[in-house]
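[1] Quick one, what's the 3D model for this:
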Amino acid sequence: LYLVIQQKFTQRMHDKRILLSTPHMGGEEINQIKNAFDSNWIAPVGPHIKNFESELSKIHHKKHVAALQSGTSAIHIALNLLGVSESDIVLCQSFTFVGSVNPIKYLNATPVFIDTEIQTWNICPEALETAIKKYIKTGKKPKAIIVVNLYGMPCKISDILQLSKKFNIPIIEDAAESLGSKIENTFCGSFGDFGVLSFNGNKIITTSGGGAIISSNQRLIEKAKFLATQAKENCDHYEHREMGFNYRISNISAAIGVGQLKVLDKWIKLRRDNYNFYFSLLSSIDGISFQEEPNSFFSNRWLTTILIDESKFKNINSNILRKKLEFNNIESRPLWKPMHLQPLYKDCDFIGSNVSDKIYKKGLCLPSGSNLSKKEKERIENVLSDFFNLK
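    Numbers count the residues shown, from 1 in each chain. Now for the predicted structure:
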């Protein structure tokens with residue numbers, strides 16, 4: 001029996017590993033990089049940065065854009081521009097990647113975590129309003145709200161914008177996972193006082209590493225660029241009157257981004273095709289559910305995710321499925337562990353009814369790259385069909 005298991009395992013390891021979400025080049029990127037090399041723009045300045053920002057601006061309703069090193073740096077800059085400082089309260093979605101939250105601590109401010117609503121898995125407007133009222137009552141009105149469009153799904157931004165207006169609290173919209181997602185005809189990243197994008201290697205498009213900050217306020221975006229280049233004053237020598245950062249994107253990375261934007265719509269379609277593949281295969285199983293896409297919402301389906309209600313099965317849960325996929329050399333991953341459950345943030349306030357905890361415990365991210373091949377999907381389908389006894 002041991003030899004049979006070992007033989008099967010060895011055979012599976014000979015199969016090329018299927019990864020969760022990998023970079024996918026469209027072909028134009030190398031031409032843009034060559035142009036940058038030929039013109040010797042190998043620096044955090046150059047024409048490709050301006051071109052990249054211009055193309056992002058077109059997508060986001062002609063808002064102003066500063067391309068930076070990462071989505072995290074964009075959130076840090078946005079908080080700076082909002083004047084967030086030591087002991088200020090910033091309300092933030094708990095169910096997210098740590099990059100949404102750490103910039104709050106960079107400024108010695110205090111994050112307060114807000115629970116998720118069950119439909120989109122994003123920040124719960126009701127819990128958000130409870131938190132706002134709680135802190136206003138204590139005399140510590142929140143300085144900002146950070147909302148996230150998780151796994152490419154837009155949050156219930158209409159309700160959140162109403163709260164923002166009612167209590168006069170600005171919004172930072174973390175659209176790091178939702179480039180190309182939209183509600184009706186408005187693209188994610190365009191709703192808040194600031195929008196934030198990420199072009200990390202696993203995102204819908206990549207510049208190998210990079211991000212952007214978006215705003216309708218040109219003056220603030222110019223200030224963002226100033227802060228992102230060490231806050232150097234406009235004079236011949238190096239003059240610095242305030243703290244700046246080394247956050248500007250490189251011209252080479254921006255060149256990749258210019259090429260990647262040309263295939264954005266195609267890559268989104270392929271990601272949504274992946275979702276349809278999984279939905280067709282698994283949605284009829286009692287105990288399997290997917291992240292919902294409400295009416296008028298359009299998700300780029302950056303990652304396809306499922307919830308497994310183990311009460312509906314015998315000896316099946318998300319972790320057992322993850323191990324089954326791993327045994328077959330297929331990467332999957334648990335959902336984001338909520339920030340209020342992280343050791344780093346265990347002492348922070350949390351407002352809600354633990355919806356995010358339940359989603360986290362049931363959830364799994366499935367391979368979702370826009371470059372998943374037909375053969376790879378067949379391998380995944382065989383494993384899932386065997387696991388759920390679909391044949």
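
[2] Setting the sequence-adjacent residues aside, check what's closest to the most centrally placed residue in the chain.
    Centroid-nearest residue in the chain: residue 177, 2.7 Å away (criterion: CA atoms, centre = their mean). With CB to CB, 6 or more residues apart in numbering as the criterion, residue 177 has its nearest non-adjacent residue at 4.9 Å, and that residue is residue 302. C-beta coordinates here come from the backbone N, C-alpha and C atoms, glycine included.

[3] Scan the chain for its longest helix.
    Across the chain, the longest stretch assigned as helix under DSSP state H is helix 264-282.

[4] that older thread, quick one, phi psi at the residue nearest to the centre of the chain?
    With angles defined as degrees, to the nearest 10, residue 177 sits at phi -100, psi 0.

[5] Would you mind listing the residues in contact with it?
    Listed by CB atoms under 8 Å, 6 or more residues apart in numbering, the contact set of residue 177 reads 148, 149, 150, 151, 152, 198, 203, 204, 302, 303.

[6] Just the buried residues of these.
    For these, a burial check counting by 16 or more other CB atoms under 10 Å picks out 148, 149, 150, 151, 152, 198, 203, 204, 302, 303.

[7] Could you list which of those residues belong to strands?
    Using DSSP state E, the members of the buried ones among the contacts of residue 177 that fall in strands are 148, 198.

[8] Quickly name whichever of the buried ones among the contacts of residue 177 is closest to residue 28.
    Set against residue 28, the nearest of the buried ones among the contacts of residue 177 by CB to CB is residue 204 (16.1 Å).

[9] Could I get the pLDDT score of that closest one?
    Per-residue pLDDT puts residue 204 at 97.

[10] now residue 2
    Listed pLDDT for residue 2 reads 58.

[11] Likewise for residue 391?
    Here the pLDDT value assigned to residue 391 is 73.

[12] re earlier: who touches the longest helix of the chain?
    With CB under 8 Å, 6+ apart, helix 264-282 has contacts from 24, 26, 59, 152, 179-180, 204-205, 288, 290, 299-302, 304, 306, 366-372, 377, 381, 384-385, 388, 390.

[13] out of the residues you listed, which are inside strands?
    If you go by DSSP E, those have 288, 290, 304, 306, 366 in strands.

[14] now those residues in TSV, with pLDDT?
    What follows is the ones in strands among the contacts of helix 264-282, written out as TSV (pLDDT from 0 to 100):
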residue	pLDDT
288	98
290	97
304	98
306	98
366	98
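
[15] Could you pull out the helices in the stretch 51-200 of the chain for me?
    Ranges of helices within the stretch 51-200 of the chain are 71-81, 102-106, 125-137, 157-167, based on DSSP state H, counting those that start in this stretch.

[16] Need the winner for burial among the ones you listed.
    helix 71-81 (a mean of 26; mean count of other CB atoms under 10 Å).

[17] ok, back up a step: and the contacts of helix 264-282, which are buried?
    The neighbour count (16+ other CB under 10 Å) marks 24, 26, 59, 152, 179-180, 204-205, 288, 299-302, 304, 306, 366-370, 372, 377, 381, 384, 388 as buried among these.

[18] can you tell me how far the spatially closest residue to residue 26 that is not a sequence neighbour sits from residue 210?
    Spatially, and ignoring its direct neighbours in sequence, residue 26 is nearest to residue 263 (3.5 Å; CB to CB, 6+ apart). Going from residue 263 to residue 210 by CB to CB, to the nearest Å gives 16 Å.

[19] so where's this structure shaky on pLDDT?
    1-14 (pLDDT under 70).
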